[in-house]
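[1] Predicted model follows, preceded by the sequence.
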Amino acid sequence: MKKALITGITGQDGAYLSQFLLGKGYEVYGALRRSEEMNISRLKFLGIDSQIKFVPFELADIINIYKTIDRVQPDEIYNLAAQTSIRIAFEEPGYTTDINGIAVLRLLEAIRSINPKIKFFQASTGDMFGKVQVMPQNEGTPLNPLNPYATAKALGHWTTANYREAYEIFACSGILFDHDSPLRIHQSVPGMISNAVAGIKMGVQDKLILGNIEFSRDLGYAGEYVEAMWLMLQQDKPDDYVIATGETHTVREFIEAAFNSVGVKLEWSGKGLDEKGIDPKTGKIRVALELRFPSVNPASAAALVRSHSGATKPAQGDYSKAKKILGWEPKVTYKELFKIMVEHDLKHASNKELRD
Ligand code: NAP
């Protein structure tokens, strides 16, 4: 039985990857920060919490990293843990650089010392392309990060490549473009849209209020992105791969898809900030715009930074290498993703733990 150590086990991807690896017969070790609190609602939701062996873990603590890897002796490590808020990245750039960048070095050094045969996956991000110059972006596209989250991730990305080249560690980066799911935090733009549509449908919310609905994103379904992470570590040679849908859609399209999934065909009226999304059956305004910083959502904040800096091209991933070598390609469309998310929010509307 293979052993996998997953950092970021409490997060969206950690939960789906755990489920996937358990299905493959792995012994899954969940590296858990603040283990006294056991924030494992996503694992509980998937009904897999009792199958995971939790180990206390903190990316900032090199001693803890060494002790954890030495104790578990995993075959594979998936580093999904990160400081993922762009708002916090701007407020705490030093901490973010430490956790998203330097901690990758700590992990790889620990692997090199304890057992260089351990395979390593690093969760890199399409946000590293930042102010994009080339459309679409692939593994060879120059990085141009525009915020402390992405610059730190770029450090982790290059450190992973460096340990692969210099020490022949089986280390891979997945350059992951945005991916959401019902397990994603609701403060993400897709999460806010889905949550609001469910609330409106149930009559507990009046409208959805957002900032910029014109920016585009390459958005996939987290449940299938985790398979690509595993596939990377099963190849003969380690390498980096873009994992994306290859399509971009605007937030406006996301809103329409979410409303469509509950039978509302929104109509738009007005211009600029005065534009409104109206339910033609009731005449009620269901979407309104407000000029405000999209406070806690990494992707929308990154897009805001991009548009402020004159980079208007949307990030769009070219996943052809993953398709050719890993045999991976996305199947869930953004419309299906919103259907899945809205259905979940409708079903669990009364369960605060699953909504927040
Ligand atoms: P997420 O839901 O925000 O989860 C982040 C995880 O990191 C949580 O389990 C968190 O633990 C853990 N963590 C944070 N700081 C830590 C520390 N100092 N020590 C140990 N653990 C720590 O993230 P996600 O959406 O699953 O994303 C997974 C990875 O993919 C991340 O590295 C992210 O940057 C990358 N990525 C995600 C996307 C996306 O669209 N989701 C796109 C590109 C790349 P707590 O529960 O204790 O806070």
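    Sure thing, it's come through. Numbering: from 1, shown residues only.
[2] So the nearest residue to V251 once chain neighbours are set aside: helix, strand or coil?
    Counting by CB to CB, 6 or more residues apart in numbering, V251 lies nearest to I213, which is 4.3 Å off, once chain neighbours are set aside. For every residue, glycine as well, the C-beta is placed using N, CA and C. When classified by DSSP: H, G, I helix; E, B strand; the rest coil, I213 comes out as coil.
[3] Mind pulling up the pLDDT for I213?
    On the pLDDT scale, I213 is placed at 89.
[4] all numbers from here: first residue = 136
    Sure thing, new numbering starts at 136, so read that last one as I348.
[5] Check the burial of it by counting its neighbours.
    If you count neighbours by other CB atoms under 10 Å, I348 ends up with 19.
[6] Could you list the residues of the chain in contact with the ligand?
    Contact residues, the chain versus the ligand (CB under 6 Å from any ligand atom): 142-149, 168-169, 174, 192-195, 215-219, 234, 258, 260, 311, 313-314.
[7] Give me the PyMOL select line for those residues, limited to the buried ones.
    Applying 16 or more other CB atoms under 10 Å to the residues of the chain next to the ligand, the buried members can be selected in PyMOL as follows:
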select buried, resi 142+143+144+145+146+147+148+149+168+192+193+194+215+216+217+218+219+234+258+260+311+313+314
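[8] Could you count how many residues lie near S185?
    7.
[9] Next up, the contacts around it.
    By CB atoms under 8 Å, 6 or more residues apart in numbering, no residues touch S185.
[10] show me where the stretch 236-385 of the chain has helices.
    With helices called from DSSP state H, counting those that start in this stretch, the stretch 236-385 of the chain shows them at 238-249, 283-302, 324-337, 357-367.
[11] Could you list the low-pLDDT ranges of the protein?
    170-172, 321, 427-448, 484-491 (pLDDT under 70).
[12] one step back: generate a markdown table for the helices of the stretch 236-385 of the chain, with mean neighbour count as supplementary columns.
    Formatted as a markdown table, the helices of the stretch 236-385 of the chain follow (neighbours: other CB atoms under 10 Å):
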| stretch | mean neighbour count |
| --- | --- |
| helix 238-249 | 20 |
| helix 283-302 | 21 |
| helix 324-337 | 23 |
| helix 357-367 | 22 |
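[13] can you redo those as TSV with distance to D374?
    Conversion of those to TSV gives the following (distance: least, CB to CB, whole Å):
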stretch	distance to D374
helix 238-249	16
helix 283-302	8
helix 324-337	29
helix 357-367	7
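[14] Fine, thanks again, bye for now.
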